[in-house]
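Engineer: the sequence isn't on hand, but the structure is:
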């Protein structure tokens, strides 16, 4: 299932680039850059822990953030379980997913998911790849995800399904090359999330805090949609396209809540 | 789905006002009022923590209580995640949802839910607004919630569904104005709870401890009803209207149980 | 749904009385009785905590044990949330459910469930009444519980459903009188468990450790049966009657496991 | 349901023996053997704790590992709840499941599952027997488990169902004799897992860390398959046989993640 996204959405994404990503680079004084990078890297460590603690990631999956000082770089932990990521694991990659720091450490095989999405989507500042359980059943069927409550508003953009078989035939299911990363980015288009058949999902957002919330609510919405289908069959009322567009969430309170639930805090 | 509630129920609500709310104001000696307010505010902090810990609220949703010393005031935390609410966050509002204390702090956008219900329902002393997950699938279908066990007895009154679209067309789904609050209160009528399509639910009760239990069991009953429908299709036996009316619960033991489960206790 | 239990089962229950309950009274030296009572009361406190911690009980429900020194007495906490029960709460009742100790404390309204089952079933040494969630959907339908794995072997005896309406018409759903207790005991017959429509279930066993396990696995079996029905429709293979009879469990390892999971241990 | 496994799979298992198990015995210097045994026994204790903590085992079920120094021996805890296993409980058995150490301690009644599988499958270095809940509904139907995501890749080999009735008629459902162990091993054939009707499952792997992950993901895949069937009916796309064969997982990050979640760490 590949949903066509309307042109206006893609246009608004392009507009967002101008507003968000590019000025951040060109206008930030040099002295602020290290502090900004540190702050973003700190958030990235916490994001790893939250996603594991809330069950969006298990031993697998990863979350990255575009460098605040250089839009041609992104930060991602070296290969390891998200719950155990520390600041020392955060590695800087270029958009071809070659390590700039920590070059000796093993990287995630599927880091191309991140690099290729950052190339294709200048508006995107953070990416999650998850095996979030409740979306996987949807990735295996032709039933599209639909927004069942306002916390999943972005699902109204459409959540396309990436079937790796259409790009590469029989594979080990992993997005382990730049070519596969590009194909996934192409399927994602201008949307906030895409499902990956037999694998999981990817979510993108303008910040690491937002992408954590989008991945979380993508999964919750899938569970609720399954329940609504069980109760109401085909007579389920989802948010209309207009409602979904109007119900944009900042998820501003989720981060503090989830952080307070981390073990050891 | 808007269920008509029988006149006798509304009448009994009006009677409850005389018995509960009004005397509390007119008869309490002035010196007792601060102690009563403190006790209610303490319960409100605990109610926030319980609702988050038991999964009725996540980073969003809120719970309020009518002031014990002035029925034209209610107490509600300033905007923030319920799990993190402290005594300092408790703010007093008038029934138009204007802050009387903590006026500089940001309030919940949807505080009008509380103010307008307190205006319309003098018997109500506490209100919860939640995105409680198991009710959302019911809010998206035309299948009414029914009481499947005595702990959900109040569902026998009928649980109307508020569809914001009927009042205001395309919105961001939030009850962010007095007018929308009034429309929700009107849909609620004399019931204990109403679902909100694409959003969540609201529950009301004569005390903060009771409203916590009603929100909790509203959600549990929804889950059990879904399961019963999966097993028994349309041949499920719910509590009859008479049974539901007879099975009134004080939930007296729930509060202590849930409080004992809070982290750090 | 009232399942007839075969005569041979009732006969074996009567035989068990001779072997278990009666000799315990007539042969125990007087000096051992206090130690035995203490040991049983200690287990009863732990049983309360386990049932709450494993989600079989919430703020409601109760577990009792017949006195090891006097089969005409049983031990049950005074009214309170099971998770919070302490040794001081354990009260001795006669089989008419009148308190012998702690007489000033409030008792559970539904203690007649215990007293009347002990009267009717001399083989029974322990009783649980729960609102265990996964059985409630079955209590609301005409679909009988069936044993789907050996841990739920006792379900093969049949799990009758008590509908309080047949005994007493419209009620508050509570077994709050000796008469209702007797009617429930009659529905239970010689079985290990009975469901209570719109309410929960009761489980019985020859010891407090066993009754905890039976209540737990009654609930688990219900969840698994619902899942099997969803997958396989009417083509589900349950344990045959002969298999269920042969698969008797002592659940010897469950108690230590569940006790090790209690908070604070 | 007994799935035939292709000859080529059995052949590759035999090949694995040459590569893995046999050389480990003949080539390891004597001085390294105790250290290797200790390391494997330590992992076995942790495996018990992880499987209980992640809900794959409850008070029942067991996990074993073939001795690294003698392929005719295996290590298994003496009878007890997995969450409570300590190094002192680890017992060495010969392949007829007679204790070599700890001979006075009671062994698991079903230890023949382990001994007979180690006999039949020289490639297997570790075995789990579980009552993992989400697979039991599948064991009761004729619906085969299928791989719904790459983490359950090994399900593509086919997961046969062992029905003890076909071997032994009416039983207590337990694999409590060498003959029943052999019958189960025969049903398992060259696969990674087999379901046991009315009972649970067995999973096998070339290491104790891998077998923990296989048992875990066997259970997760069952849950996701049930959800996909609920959404998509018979129109669910599973991993193809070729994809499943290509998607081999080392689960290298799962162990550290699960170990970090153990209580007390």
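Structural biologist: Structure's in. What do you need? These numbers were taken from a predicted model, which means no experiment stands behind them.
Engineer: how about the backbone phi and psi for residue A:162?
Structural biologist: phi -90, psi 120 (degrees, to the nearest 10).
Engineer: chain neighbours aside, what residue packs nearest to it?
Structural biologist: residue A:187 (4.3 Å; CB to CB, 6 or more residues apart in numbering or on different chains). The way it works is simple: take the backbone N, C-alpha and C, and place the C-beta from them, glycine included.
Engineer: which strands and helices sit next to the helix or strand harbouring the one you found?
Structural biologist: For residue A:187, the host element (DSSP states H and E) is helix A:178-188. Packing partners of helix A:178-188 (3 or more CB pairs under 8 Å, 6 or more residues apart in numbering or on different chains; DSSP states H and E): helix A:112-120, strand A:161-162, helix A:164-168, strand A:193-196, strand A:200-205.
Engineer: buried residues in it?
Structural biologist: A:180-185, A:187-188 (16 or more other CB atoms under 10 Å in any protein chain shown).
Engineer: redo those as a markdown table? Include distance to residue A:121 and pLDDT.
Structural biologist: Shown next, in a markdown table, are the buried residues of helix A:178-188 (distance: CB to CB, whole Å; pLDDT from 0 to 100):
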| residue | distance to residue A:121 | pLDDT |
| --- | --- | --- |
| A:180 | 16 | 98 |
| A:181 | 12 | 98 |
| A:182 | 12 | 98 |
| A:183 | 14 | 98 |
| A:184 | 11 | 98 |
| A:185 | 7 | 98 |
| A:187 | 12 | 98 |
| A:188 | 8 | 98 |
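Engineer: which one of the residues you listed sits closest to chain D?
Structural biologist: Nearest to chain D among the buried residues of helix A:178-188: residue A:180, at 13.5 Å, using CB to the nearest CB.
Engineer: make JSON lines from the helices and strands packed on helix A:178-188 and add distance to residue C:234 to it.
Structural biologist: JSON lines is the format used below for these (distance: least, CB to CB, whole Å):
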{"stretch": "helix A:112-120", "distance to residue C:234": "44"}
{"stretch": "strand A:161-162", "distance to residue C:234": "33"}
{"stretch": "helix A:164-168", "distance to residue C:234": "35"}
{"stretch": "strand A:193-196", "distance to residue C:234": "33"}
{"stretch": "strand A:200-205", "distance to residue C:234": "34"}
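Engineer: between those, which one is closest to residue A:85.
Structural biologist: The closest of the helices and strands packed on helix A:178-188 to residue A:85 is helix A:112-120. By CB to CB, the value is 14.7 Å.
Engineer: what about the closest one, near chain D?
Structural biologist: No: using CB under 8 Å from any CB of the partner chain, we find that helix A:112-120 stays clear of chain D, coming within 14.3 Å at best.
Engineer: other residues contacting that helix?
Structural biologist: Contact with helix A:112-120 is made by A:62, A:64, A:66, A:71, A:74, A:76, A:93-97, A:124, A:127, A:129, A:175-178, A:180-182, A:184-186, A:188, A:202, A:204, as judged by CB atoms under 8 Å, 6 or more residues apart in numbering or on different chains.
Engineer: rerun at 7 Å
Structural biologist: A:64, A:66, A:74, A:76, A:93, A:95-97, A:124, A:127, A:129, A:175-178, A:180-182, A:184-185, A:188, A:202, A:204 (CB atoms under 7 Å, 6 or more residues apart in numbering or on different chains).
Engineer: report the distance from it to the chain centre.
Structural biologist: 11 Å (CA atoms, centre = their mean, to the nearest Å).
Engineer: contacts for the following helix or strand past that helix next, please.
Structural biologist: Using DSSP H and E, the helix or strand that follows helix A:112-120 in sequence is strand A:126-130. Outside of strand A:126-130, the residues within contact range by CB under 7 Å, 6+ apart are A:51, A:56-57, A:61-66, A:110, A:113-114, A:117, A:200-205, A:207-208, A:210-211, A:215.
Engineer: now swap in stretch A:164-182 and tell me
Structural biologist: A:96, A:109-110, A:112-113, A:115-116, A:183-184, A:197-199, D:150, D:242-243, D:246-247.
Engineer: narrow these to just the buried residues.
Structural biologist: A:110, A:112-113, A:115-116, A:183-184, A:197-199, D:150, D:243, D:246-247.
Engineer: now the residue of the stretch 101-250 of chain A found nearest chain B: how far from residue D:74?
Structural biologist: Ranked by CB to the nearest CB, the top residue of the stretch 101-250 of chain A for proximity to chain B is residue A:232, at 3.1 Å. For residue A:232, the distance to residue D:74 equals 52 Å [CB to CB, to the nearest Å].
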